[in-house]
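Visitor: sequence and predicted structure below; questions after.
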Amino acid sequence: AGPSQLPMAKDFSSFLSLEGASRKKSPLKGLLRFMKGDMVSLGGGLPHPSNFPFYSLSSDIASMKPVGQNVKNVAVVNEKAASVSSENVFVPHGPQPGKVENLSSALQMHRPKYQDWDVVLSAGNTDGFAKAVSMLCNRGDQILVEEWTYPAALEMMDPLGIRHVPVGMDGEGMSAVALKDLLDNWGSIPEQANEAKPRVVYLIPTGQNPTGATMSVQRRKDIIKVAKEHDLILIEDDPYYYLQFFIGEDKSADNETQSGWMPTLLSLDTDGRVIRLDTFSKTLAPGCRVGYMSMNARFCTIVQSHNEVTIQQPSGFSQGLLAEMLVSNWGQEGYKRYLTEKVRTEYFNRSQHLQACFRKHVNPRFASFIEPTAGMFVWIKIHVDQHPRYGTMPDSALMLELFNKCVENNVLMVPGWQFSCKPKPSNLDLSDLLGCWFDDEATYLRATFSYATFEQMDQAMTRFGESLEAVFSA
Ligand code: PLP
Ligand code: PMP
């Protein structure tokens, strides 16, 4: 359908928090529209560009020319990556006639199915999430989250008095059945009796942090269906979207997946109820601090106003280099090639290697994992019931014993409790990782294959295997 045949977004004004509803556009910015023709501006307090001590900006970037066009193919995996051929991008001082500056239009690969959507830049998904929450949630509100989730999201909300309610997960991330059950039966347990039904969901659909789970096409559709039925806003935090290992292999694939990539929740939404957060942190570099939020235009205006009084916009250095690299040098084709041939392949090979090392060195009686299909993480389940002292002491004590043994043996993974939704006890010093393990159900460790060399991964799994043997034979 052409865009004009698509519906308009629904009106979600009743979902706005006090803060969201009262954001106003900055009047100073209103001056900008007069800045044309013969206007002499004594208005905005901007330094004149001739005073900037930066005359140009340049960077050596990976070459993304197709194979055969005089450049070597992009290098894949491991330490040899240093041999990638490079090119220079250059951002000059003045404007460049004829150059596309609009990063977001060049990157728009998940076209929503309603007319009035828009894109607004963020300083990454951490920033984007904080802005979405401030637009939608008041102190005391509850937000639905995966039962194991990204700690910074919870830590951002805690001091604001915005609470979270865990929703059950399976090997495909948040369960649509669990979400529906929870909302269908809301109020039936005493703790919920006086609580308003939550209206906002935070979820990580691809290569979930920490579990590595990825939603199938069907699961995505089911989640959207529940969101419509219970009138929910979905915050789709998807930093690992392009780290999909099996693109095009979902058997239920249809038109949406002709590109081979999973359909985003945003692309399945016809109402304007999905706030999608994209970031360059995992695909290019976390230090770029550039991301973008795609959502209904009303929400975009509110976040834009919030940006105007906080970050203004992501760093101009980052934007300049990214625009030059993505738009002028790589182009859509080069960027797609980078994502599929480089990012996806690199992380796929790394994930395969870590899994192979695990199988080689770890006794399956003591630990297991579900094969990750995207992202950077392996969520390792520790079989505490195999411990000789199982049942005689809390599971958390057994997990702490294992964690300490791992540290002693020089292998570090993130304690599973850090991703727990349970309220953190105030009597424990949680920064003392060797001294406490909170949440008896957190019998997991999160390992990442994103950073260590192949050799180090082998070493780490050897040490992990030995730590398990030592603790489980004690
Ligand atoms: N959201 C999730 C689920 C993450 O795992 C991460 C990275 O650690 C982020 C957001 C942070 O993204 P950004 O660097 O874009 O703020
Ligand atoms: N505070 C004051 C008093 C200012 O005049 C300005 C810029 N006009 C700012 C803050 C904004 O600073 P920044 O660009 O670092 O966010």
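Guide: Arrived safely, thanks for sending. Ligands and ions are numbered 1, 2, ... in the order given.

Visitor: for the helix or strand hosting E333, give the mean pLDDT please.
Guide: Using DSSP states H and E, E333 maps to helix 331-337. What helix 331-337 shows for mean pLDDT is 91.

Visitor: just the buried residues of that helix, please?
Guide: Of the residues in helix 331-337, 334-337 count as buried by neighbour count, 16 or more other C-beta atoms under 10 Å. All C-beta atoms are positioned from the backbone trio N, CA, C, and that covers glycine.

Visitor: next, the residue of the stretch 51-200 of the chain found nearest ligand 1: phi, psi?
Guide: Residue nearest to ligand 1 within the stretch 51-200 of the chain (C-beta to the nearest ligand atom): G124, separated by 2.8 Å. The phi and psi values for G124, taken as degrees, to the nearest 10, are phi 110, psi 170.

Visitor: now do F403
Guide: Per degrees, to the nearest 10, the backbone of F403 is at phi -60, psi -50.

Visitor: picking up where we left off before, what is the nearest of the buried residues of helix 331-337 to ligand 1?
Guide: Among the buried residues of helix 331-337, and counting by C-beta to the nearest ligand atom, the member closest to ligand 1 is Y335, at 17.5 Å.

Visitor: so who does N125 touch?
Guide: N125 makes contact with 237, 239, 277-279, 281, 291 under the criterion C-beta atoms under 8 Å, 6 or more residues apart in numbering.

Visitor: rerun that using 10 Å as the cut-off
Guide: 132, 150, 152-153, 204, 235, 237-239, 276-282, 291-293 (C-beta atoms under 10 Å, 6 or more residues apart in numbering).

Visitor: shaky segments in the stretch 201-350 of the chain?
Guide: 250-259 (pLDDT under 70).

Visitor: how about the residues of it by ligand 1?
Guide: 204, 209, 237, 239, 279, 281, 286, 291 (C-beta under 6 Å from any ligand atom).

Visitor: report how many residues lie close to the third one.
Guide: Just to be clear, that refers to D237. 27 (other C-beta atoms under 10 Å).

Visitor: just the first one next, same as before
Guide: Using other C-beta under 10 Å, the number of residues around I204 comes to 30.

Visitor: show me what contacts the closest residue to it other than its chain neighbours?
Guide: Leaving aside its chain neighbours, I204 sits nearest to D237 (5.1 Å; criterion: C-beta to C-beta, 6 or more residues apart in numbering). Shown in contact with D237 (C-beta under 10 Å, 6+ apart): 125-126, 128-129, 132, 149-150, 153, 202-206, 208-209, 275-279.

Visitor: looking at these, which are in helices?
Guide: 125-126, 128-129, 132, 153 (DSSP state H).

Visitor: which secondary structure state is assigned to the nearest residue to P49 once chain neighbours are set aside?
Guide: In this structure, P49 finds its nearest non-sequential neighbour in H93, 7.1 Å apart by C-beta to C-beta, 6+ apart. Under DSSP: H, G, I helix; E, B strand; the rest coil, the three-state class of H93 is coil.

Visitor: my read is that H93 contacts N51, right?
Guide: No - using C-beta atoms under 10 Å, H93 is not in contact with N51; the gap is 11.8 Å.

Visitor: any idea where the helices of this protein begin and end?
Guide: 18-21, 103-106, 125-136, 151-157, 176-184, 217-229, 265-268, 297-309, 316-322, 331-337, 345-361, 395-408, 454-472.

Visitor: what packs against the first one?
Guide: To tie it back to what came earlier, the one meant is helix 18-21. helix 125-136, helix 297-309 (3 or more C-beta pairs under 10 Å, 6 or more residues apart in numbering; DSSP states H and E).

Visitor: deepest-packed of those, please.
Guide: helix 125-136 (a mean of 24; mean count of other C-beta atoms under 10 Å).

Visitor: neighbours around T310, how many?
Guide: 13.

Visitor: who's in contact with it?
Guide: Here T310 is in contact with 123, 127, 130-131, 134 (criterion: C-beta under 10 Å, 6+ apart).

Visitor: quick revisit: closest one of the ones in helices among the contacts of D237 to F246?
Guide: For the ones in helices among the contacts of D237, the minimum distance to F246 (C-beta to C-beta) is 23.3 Å, reached by N125.
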